[in-house]
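K.L.:
Generate coordinates for the sequence data below:
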Amino acid sequence: MAGRRGRAAACVVAAALCAASACGPDARRGAPPHAAPNVLLVSIDTLRADRVGAYGAHDAGTATLDAVAAAGVRFEKAIAPAPLTLPSHATLLTGLYPPRHGVRHNGMFRLASAHETLAERFAAAGFDTGAVVGAVVLASRYGLDQGFDHYDDATGGGRASATGYPERRAGEVTDAALRWLAGARAPFFLFVHYYDPHAEYQPPPPFAERFARRPYEGEVAYVDAELGRLFEALRARGQLERTLVAVTSDHGESLGEHGERTHGYTLYDASLAVPLLLRGPGVPAGRVVPGVVSLASVAPTLLALSGLPPLPDADGRDLRPLFAAAAGAAGAGAGGRAEAGAAYAETLATQLDHGWAPLHALRTATHHYVRAPRPELYDVAADPREKRNLLDAGARPEAEAADAEIAALLARGEPLRTARVDAATRAQLEALGYAIPDAPVAQTGLDPKDGLRLVETYVAARAAFFAGRLDEAEREARELLRESPASGQALMLLADVEHRRGRTRESLALAERAASLVPQSAGFQVQVGDRRLELGDAAGAIAAYEAAIAIDPELAEAQAGAMWRAAITGDVRDAEAAAERALALAPDDAALQLRVAEAFDRLGIPERALAAYEAALRLEPSAQLAHMGAAIQLARLGRAEEAEARVAAAGPYGAEPNYGNRLAIAFAARGDHARAEALFRALLAAYPDHPHVRRNLAHLLRTAGRPDEAAALGDG
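P.N.:
Numbers count the residues shown, from 1 in each chain. A predicted model of the protein is given here:
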């Protein structure tokens, strides 16, 4: 998907550059600096540093990464700003810590267009800009596409991790990157994101066999091989030596340390210490930089090495003085800011997922402080595994200084976003009994150290849900709620379980409770709206969609939900405008096209519904649900033969009773009683107890003057 947000700012800069250099009328951007290098930024998701050979791992299978380290600079201790994919990547691309850029968790925050990104700066300077990401967690809808000409987040029907995020294999990511490179002009900026080391660990052959007892390392080795393939392609084109390469990760993986199996709920080195490697023009070979640096410094450093001005007010800094100077200069020259030999990190997943306390940390070369209900301080030189909390013996000045620095950073940041609902929407919500709080409701404040054992319960519940084991998912989620009743994630998971069982009313009650616990989540509000809509409560659904828009105006699903205002006002133009707003936000999202199509379908506008279904099929030709939706619209429009052809392409949806029932009704509405009756009877044979099919067939028979046959169906 091509990125557009933030392009206006880039165009202003480009226009100014053109004016200064008297460039021609067709020039859209400024000229890149003389002899500017290409720039390749690679993020290998969930890669902890100590599983890379260059960082001391044995039999790591990381020959490509090790070669980058040997040919360039390796930073001894790079610290991620969060053990979460989206916030950490937002820092990587802006140079701002999470409190400054406002992205505090996966899925429920978006990078605001006001924050300038690395891609926007490169684009304004005349670079071609492209990105290929490996998982939906970095989809363009979350705002990271700002400044990219090409942002490929098409994971398609790829595998889903334990978190439920669809992902694609490293080989597919490399293929997509190479396709973009084939048409890119130099200089280019390419961001490539590999997701494979994220749980669950399922490396492909031959890595599965070589690392049979270490599947995490097998995933890392597989990505390393694919990165090597990307480098070889650049080398074959004569571009590698003219390319500045940065390789890092968004966070590590606990692998059971400190009681955490994966990441997200602790701030120890296992989940924060990541590799950071640089090589290429302007980077010395074979240099190891001691001390602590933050991923917030990647963007400033890449811009400096490319001859471009820095991002405004970044938390990170240009790291060139550290690797240009001799060892021992690593702590020099940042005026006492947190970046000078220290790195900030946080996780609000603890708070936003389960109602526990948030965690904040400051990591220096000698100490690691974690701000928590029971704070922690570790002497990482003497205790690198962070086992002995120095604060168990009383207060320490290092902890007091670190806590003050964290407080100062948080004071400079954005407040945690809550629902922003205007007075009219709030009045509508209150009239319907669907109030949205002004701030997060009271939470437990549990120290995450005490809640870690419950995380495994939640992970098990999600895994069971995605595997279709609904009873198990419900049992695990309810066990979590017994001990952590403020867990919005557990409540929404239960809502999903009930919805899949067809118990919409029960699902709605759980979804509403979850949304009240996590008012930052526009997505939760959309799910509330969807459930209300299924129950025929159009006004309540609209209120929820409006609440979602108030939280995140750029959430396409919420804008699509606003189409349902037409169900009350009767104003088709309102529905068209809402659909246009939604599709402008995510024009290449097949799922969004389906949502728009379904709205037009239920609003009784078959021509527009058909167009949206066709648009979805152009994006994803194998989408069977879109074929079925198109079949229903074609039947409504009297194009019966075309409808039947689409049913054949709809797979299981063609025999699904609810969709089949709607198709039969569409045939009947056009007076095609023969097709309608045949379809109703086929459905009734397969689902003899389905009340709607039986009732509709009886109605059709009565309409056709066959009351005895209708009566035989037991429908009066």
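K.L.:
Where does the prediction get shaky in the stretch 1-150 of the chain?
P.N.:
1-31, 34 (pLDDT under 70).
K.L.:
For it, which segments count as helices?
P.N.:
For the stretch 1-150 of the chain, applying DSSP state H, counting those that start in this stretch gives helices covering 7-21, 63-71, 85-94, 98-101, 118-124.
K.L.:
again, but for the stretch 151-300 of the chain
P.N.:
170-183, 207-210, 215-236, 269-272, 298-305.
K.L.:
any chance of the ones you listed in JSON lines, with mean neighbour count, mean pLDDT and distance to His627 too?
P.N.:
From N, CA and C alone the C-beta is placed, and that goes for glycine too. Formatted as JSON lines, those follow (neighbours: other Cβ atoms under 10 Å; pLDDT from 0 to 100; distance: least, Cβ to Cβ, whole Å):
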{"stretch": "helix 170-183", "mean neighbour count": "18", "mean pLDDT": "96", "distance to His627": "25"}
{"stretch": "helix 207-210", "mean neighbour count": "16", "mean pLDDT": "94", "distance to His627": "35"}
{"stretch": "helix 215-236", "mean neighbour count": "21", "mean pLDDT": "97", "distance to His627": "34"}
{"stretch": "helix 269-272", "mean neighbour count": "26", "mean pLDDT": "96", "distance to His627": "43"}
{"stretch": "helix 298-305", "mean neighbour count": "23", "mean pLDDT": "97", "distance to His627": "44"}
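K.L.:
nearest to Glu641, of these?
P.N.:
Glu641 sits nearest to helix 170-183 of all the helices of the stretch 151-300 of the chain, at 37.6 Å, using Cβ to Cβ.
K.L.:
Contacts for stretch 247-256 next, please.
P.N.:
42-49, 65, 68, 78, 80, 82-85, 88-89, 92, 197, 199, 216, 227, 260-263, 266, 268-277, 295, 298 (Cβ atoms under 8 Å, 6 or more residues apart in numbering).
K.L.:
from the chain's centre, how far out does stretch 604-618 sit?
P.N.:
27 Å (Cα atoms, centre = their mean, to the nearest Å).
K.L.:
Would you indicate which residues of that stretch are buried?
P.N.:
Across stretch 604-618, burial judged by 16 or more other Cβ atoms under 10 Å covers 605-606, 608-613, 615-617.
K.L.:
Between those residues, which sits nearest Arg675?
P.N.:
Of these, the one sitting nearest to Arg675 (Cβ to Cβ) turns out to be Pro606, at 16.6 Å.
K.L.:
who's in contact with that closest one?
P.N.:
600, 633, 636-637.
K.L.:
Kindly indicate which of those residues lies nearest Leu683.
P.N.:
The closest of those, once distances to Leu683 are taken by Cβ to Cβ, is Arg636, at 18.0 Å.
K.L.:
Export only the CA atoms of stretch 637-651, formatted as CSV.
P.N.:
The C-alpha trace of stretch 637-651 is given here as CSV (Å, rounded to 0.1, in the frame of the first residue of the first chain):
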residue,chain,number,x,y,z
LEU,A,637,-30.1,-6.9,-9.9
GLY,A,638,-31.7,-9.7,-11.9
ARG,A,639,-28.4,-11.1,-13.3
ALA,A,640,-29.2,-14.7,-12.2
GLU,A,641,-26.7,-16.6,-14.4
GLU,A,642,-23.8,-14.4,-13.2
ALA,A,643,-25.0,-14.9,-9.6
GLU,A,644,-24.9,-18.6,-9.9
ALA,A,645,-21.4,-18.5,-11.4
ARG,A,646,-20.2,-16.4,-8.4
VAL,A,647,-21.8,-19.0,-6.0
ALA,A,648,-19.6,-21.6,-7.5
ALA,A,649,-16.6,-19.5,-6.7
ALA,A,650,-17.8,-18.8,-3.1
GLY,A,651,-16.7,-22.2,-1.7
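K.L.:
Next one: Val39 relative to Glu546, how far apart?
P.N.:
Computed as Cβ to Cβ, to the nearest Å, the Val39 to Glu546 distance reads 42 Å.
K.L.:
ugh, wrong one, I meant Ala372
P.N.:
Applying Cβ to Cβ to Ala372 and Glu546 gives a distance of 37 Å.
K.L.:
Let me know which of the helices of the stretch 151-300 of the chain is the nearest to Leu510.
P.N.:
Nearest of those (Cβ to Cβ): helix 269-272, 30.2 Å.
K.L.:
So which elements touch the one helix or strand Leu701 maps to?
P.N.:
For Leu701, the host element (DSSP states H and E) is helix 691-703. Helices and strands touching helix 691-703, as assessed by 3 or more Cβ pairs under 8 Å, 6 or more residues apart in numbering; DSSP states H and E, comprise helix 657-669, helix 673-686, helix 707-712.
K.L.:
how far does it sit from the chain's center?
P.N.:
From the chain centre to the centre of helix 691-703 is a distance of 45 Å (Cα atoms, centre = their mean).
K.L.:
in that helix, what's buried?
P.N.:
Buried, per 16+ other Cβ under 10 Å, within helix 691-703: 693-702.
K.L.:
residue ranges with poor pLDDT in the protein?
P.N.:
In the chain (pLDDT under 70), the answer is 1-31, 34, 156-165, 325-340, 417-443, 715-716.
K.L.:
Kindly recompute the last result at 80.
P.N.:
Scanning the chain for pLDDT under 80 picks out 1-35, 155-166, 324-340, 415-444, 689-691, 714-716.
K.L.:
returning to what we had before: out of the helices of the stretch 151-300 of the chain, which gets nearest to Val283?
P.N.:
Using Cβ to Cβ, the nearest of these to Val283 is helix 298-305, at 7.1 Å.
K.L.:
Which strands or helices does the helix or strand following the closest one pack on?
P.N.:
As assigned by DSSP H and E, the chain's next helix or strand after helix 298-305 is helix 320-324. For helix 320-324, the packing partners by 3+ Cβ pairs under 8 Å, 6+ apart come out as strand 287-294, helix 298-305.
K.L.:
a markdown table please, covering those and showing distance to Leu533.
P.N.:
Output for these, formatted as a markdown table (distance: least, Cβ to Cβ, whole Å):
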| stretch | distance to Leu533 |
| --- | --- |
| strand 287-294 | 44 |
| helix 298-305 | 42 |
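K.L.:
Among these, which comes closest to Asp315?
P.N.:
strand 287-294 (7.4 Å).
K.L.:
For the closest one, buried residues please.
P.N.:
Here strand 287-294 shows 287, 289-294 as buried, counting by 16+ other Cβ under 10 Å.
K.L.:
same question, stretch 370-387
P.N.:
Buried, per 16+ other Cβ under 10 Å, within stretch 370-387: 370-372, 375-378, 380, 386.
K.L.:
and what of stretch 483-500?
P.N.:
Result for stretch 483-500 [16+ other Cβ under 10 Å]: buried residues 484, 486-499.
K.L.:
Please report how far Ala452 lies from Leu634.
P.N.:
Not Ala; residue 452 is Leu. 54 Å.
K.L.:
More neighbours: those two, which one.
P.N.:
Neighbours per residue, other Cβ atoms under 10 Å: of Leu452 and Leu634, the larger number sits with Leu634, 23 against 18.
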